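[1] A predicted structure for the sequence below; I have some questions about it.
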Amino acid sequence: AKVGLGNMRVKAENRMVTTDTRNFLLQIFLYIKKTIYFCIHEKHIKQKKGTNMITNIYYLHAPIDSNIFTTIHNLLKHTQQDKILSLTFFGTCIDQTYHTILHNIKQAVYTILSKKILITFIPEQTISSQELWVEVWEYNSDNTISISHETTNNIHYLYIKDQQSEMLCIEGIPSSSHFLSISQQSIDIFTKLESIFYKHNFTIGDIVRQWNYIGNITGYHNNEQNYQIYNNSRTQFYQKTSWPYGYPAATGIGAQFNGLIISCIAFKSTNNKHKRIYPLNNPLQIAAHSYSKEVLIGSSTTSLKETPKFERAKLINFANNIYCFISGTAAIRGEYSAHIQSPQKQTELTLDNIEYLISLKNLQYNSCPETSLKICNLRVYIKNRNHYQVIRKTVEARFPLIPAIYLFTDICREELLVEIEGICQLLQ
């Protein structure tokens with residue numbers, strides 16, 4: 001038998017090996033040896049590090065059974081249950097059933113896991129209305145990090161601490177009543193958040209990531225747009241404190257009910273010698289909190305029109321790792337929407353904005369730690385279900401291996417067709 005190796009041959013029948021072949025085999029041996037050493041070395045580094053708070057983010061879905069316990073069981077059987085930090089569920093509901101569904105999901109999860117974790121339920125349309133989807137955050141920790149499970153006003157959250165910083169991870173807080181105005185619902189939730197911060201000596205200005213799910217976001221109440229009403233209420237809440245490290249990264253997106261849900265992560269350093277929080281702006285876009293009145297929605301030029309108070313991303317250094325929270329990002333350059341009629345071009349421009357935002361060049365521009373970031377997950381919000389295939393194809397062409405969920409909902413500007421957010425970690 002003869003085995004071809006380029007222009008070389010190994011004559012197996014008489015075991016003759018040419019000098020060129022011998023050198024070639026030696027190169028292969030050295031390459032394999034180097035590869036094995038590299039893999040072992042990398043594994044050693046990762047095991048030694050052992051302090052990644054978020055080690056895995058992924059999505060699961062299952063058919064909705066008449067018994068919610070069965071549905072949750074079918075989802076969680078695919079997880080490392082002892083490593084779950086947070087579960088965010090997505091599915092359809094109506095206003096009158098939201099709190100009942102949330103309660104039933106929580107009871108099912110607590111029973112299956114035999115513990116309480118962060119649980120959020122977001123009423124959004126998924127690919128199939130007959131399925132329940134969940135975003136799973138898994139974690140790994142060692143004795144350098146302490147995690148305390150806390151409850152205040154029936155809101156579950158985590159108080160996490162290492163030697164140099166503290167963090168609060170708060171599950172989604174729905175308003176007490178979906179029949180109140182967005183302004184009243186905002187005050188209700190912000191008051192609950194403030195009580196948690198006060199308990200642990202945090203300030204409002206310590207929020208680094210905030211999710212805002214606003215029912216009927218582009219609808220109107222007393223001639224004022226709901227999203228603009230929310231921005232006005234958020235601004236009043238934020239004015240209670242200072243923001244030395246910039247506003248939070250944030251998403252303000254529609255939800256398939258008339259309520260309001262807010263969840264957030266707050267973070268502060270206990271070691272003033274080292275900066276651990278960095279706002280991340282994108283020079284291709286005007287900062288949202290600096291938008292002109294021209295792009296804000298109000299019934300008249302004299303009405304209150306506060307800007308959306310968020311940064312394009314927020315980067316933190318926690319437990320010897322870098323985390324970057326990418327805000328909801330759309331096809332905006334400067335402060336104006338682009339490619340109004342094209343879902344594909346809007347998606348491409350959105351992904352361009354995200355890639356530039358987390359690029360080494362932009363990290364340097366923002367005086368952030370110079371590092372390489374990897375995207376861990378994407379939430380893709382789509383305005384029109386008819387655009388699903390082209391948007392998904394465009395996203396997967398750019399990021400084929402990144403876990404993503406596709407949700408159908410209203411977006412804060414009528415002309416925007418897609419919005420994308422994500423979380424990054426230090427590239428290992």
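    That came through, no problem.

[2] ok, now which ones touch Lys383?
    408-411, 416-418 (CB atoms under 8 Å, 6 or more residues apart in numbering). (C-beta placed from N, C-alpha, C; glycine too.)

[3] give me the phi and psi angles of it.
    Here is the backbone geometry of Lys383 (degrees, to the nearest 10): phi -70, psi -40.

[4] show me the two of the contacts of Lys383 that sit farthest apart.
    Phe408 and Leu416 (13.7 Å; CB to CB).

[5] for the stretch 151-300 of the chain, which segments are assigned as helices?
    Using DSSP state H, counting those that start in this stretch, the helices of the stretch 151-300 of the chain run over residues 182-199, 226-238.

[6] how about the strands of the stretch 151-300 of the chain, start to end?
    Using DSSP state E, counting those that start in this stretch, the strands of the stretch 151-300 of the chain run over 155-161, 165-174, 207-215, 220-221, 224-225, 249-255, 260-269, 277-280.

[7] and the following helix or strand past the last one, what does it pack onto?
    If I follow you right, that is strand 277-280. Next helix or strand after strand 277-280 toward the C-terminus (DSSP states H and E): strand 313-318. Judged by 3 or more CB pairs under 8 Å, 6 or more residues apart in numbering; DSSP states H and E, strand 313-318 is in contact with strand 165-174, strand 207-215, strand 277-280, strand 321-329.

[8] ok, residues contacting strand 313-318?
    Residues contacting strand 313-318 (CB under 8 Å, 6+ apart): 53, 162, 165, 167, 208-209, 246, 248-249, 267, 274, 276-280, 282, 322-327, 357-358, 363, 368-369.

[9] one more time with 6 Å
    Applying CB atoms under 6 Å, 6 or more residues apart in numbering, the contact partners of strand 313-318 are 165, 208, 249, 267, 276-278, 280, 323-327, 357, 368.

[10] and it with strand 249-255, angle?
    Orientation of strand 313-318 against strand 249-255 (axes from the mean of the first three to the mean of the last three CA atoms, to 10 degrees) gives an angle of 120 degrees.

[11] what's the average pLDDT for strand 313-318?
    For strand 313-318, mean pLDDT rounds to 95.

[12] sheet partners, orientation included, of it?
    strand 277-280 (antiparallel), strand 321-329 (antiparallel) (DSSP bridges).

[13] give me whichever of the ones you listed is most buried.
    strand 321-329 (a mean of 23; mean count of other CB atoms under 10 Å).

[14] need the strands paired with strand 313-318 in a markdown table (columns: distance to Gln184 and mean pLDDT).
    Formatted as a markdown table, the strands paired with strand 313-318 follow (distance: least, CB to CB, whole Å; pLDDT from 0 to 100):
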| stretch | distance to Gln184 | mean pLDDT |
| --- | --- | --- |
| strand 277-280 | 30 | 96 |
| strand 321-329 | 24 | 96 |
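
[15] so for Leu76, which of those sits nearest?
    Among the strands paired with strand 313-318, strand 321-329 comes nearest to Leu76, with 24.8 Å by CB to CB.
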